[in-house]
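> the sequence and its predicted three-dimensional model are supplied below.
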Amino acid sequence: MATTRLCIVTDIHHGKDNFTKKGSSALTLLEEFSRFVEATRPDAVIDMGDRISDCDKQTDKQLEQDVAAIFSRMNVPRFHICGNHDRDYLSVDENAAILGQDLSSTTVDMGDWTLVIWRADAKIHRPGGFILPEADLLWLAGVVRNATRPLAIFSHVPVSGHSQAGNYYFQRNPDASTYPGAAERVRAILAGARVPVACFAGHVHWNTLTMVNGQPHFTLQSLTETFTTHPEPAGSYALLELSERIDWTVFGKDSMRVSLDAEETARRWIEPLPPFHEHPEIRLRHLQQAAE
């Protein structure tokens, strides 16, 4: 099987320093990522969103243009995804115009894998938070249903449902870390896949691997986050190599390396037990013990 190599960056957060996000270092670190891309010569670059820290419409346009100028010098196919900070003051179309590409969800066959660039709505509604439109969920369902190749799925917002314990931003704000009420439906759709599946996201500003029903869900640390590497920014970006294996290497001060057998991700786990008091055997045993 041929190897597809992807360079990935997320949560660049160009702008002012804000809490633990060192936005003032963003362009310097993005230039470092650009040099990594040049040296690595990947098949594509994927940006999983939150290119800026939002301020106001005019400022955000300039910040996005600063980031886009560096990406434009990367002489490989690029796929951009909008994060919530890209959408606070700018529309998807405005982001698309700056980046010079359509920002609708799409699939791309590379090597023996299909890359799923799932550009689900990432705007934080106030009130409402993240709301996953049904159209975005149905689009993904169609991709999964019709898949004949392994799927590498990229989004800004993770859907793994992983614990936020210890996360600077989301331990006490878990609903802001995912699509509340919808992530479980996405996982149910993914469970129906008949091919290997691996999911990749940003947003939560740390490196994680969560196995759900045999399928790996990765999150990538932000380029400029400091809460795990204080006082310096993590400077994190990743190389993903897809073949008969899923090889994930995160560089920077917050590094990580994982290698998985892709075929194993197509094997579903045994369905979890119901609540113990609802399981017929356990309920009967408890009744018998109570009668003794």
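Cool, the structure landed. Numbers count the residues shown, from 1 in each chain.

> any figure for the gap between Asp109 and Asp66?
32 Å (Cβ to Cβ, to the nearest Å). Heads up, the C-betas are built off the backbone N, CA and C, glycines and all.

> these two: who's more crowded?
Using other Cβ atoms under 10 Å as the criterion, Asp109 and Asp66 rank with Asp66 on top: 18 against 11.

> residues in contact with the more buried one?
By Cβ atoms under 8 Å, 6 or more residues apart in numbering, the contact set of Asp66 is 14, 27.

> numbering from 874 from now on, please.
Right, with 874 as the first residue, what we last looked at is Asp939.

> element containing it?
Asp939 is located in helix 930-944, with elements delineated by DSSP states H and E.

> pull out the buried positions in that helix.
Of the residues in helix 930-944, 933-934, 936-937, 939-941, 943-944 count as buried by neighbour count, 16 or more other Cβ atoms under 10 Å.

> can those go into JSON lines with extra columns for distance to Ala993 and pLDDT?
JSON lines is the format used below for the buried residues of helix 930-944 (distance: Cβ to Cβ, whole Å; pLDDT from 0 to 100):
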{"residue": "Asp933", "distance to Ala993": "21", "pLDDT": "99"}
{"residue": "Lys934", "distance to Ala993": "23", "pLDDT": "99"}
{"residue": "Leu936", "distance to Ala993": "23", "pLDDT": "99"}
{"residue": "Glu937", "distance to Ala993": "20", "pLDDT": "99"}
{"residue": "Asp939", "distance to Ala993": "26", "pLDDT": "99"}
{"residue": "Val940", "distance to Ala993": "21", "pLDDT": "99"}
{"residue": "Ala941", "distance to Ala993": "21", "pLDDT": "99"}
{"residue": "Ile943", "distance to Ala993": "25", "pLDDT": "99"}
{"residue": "Phe944", "distance to Ala993": "21", "pLDDT": "99"}
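
> looking at the residues you listed, which is nearest Leu1096?
Proximity of those to Leu1096 (Cβ to Cβ) peaks at Val940, which lies at 10.4 Å.

> I'd say the closest one and Phe906 touch.
No - with contact defined as Cβ atoms under 8 Å, Val940 and Phe906 do not form a contacting pair (11.0 Å).
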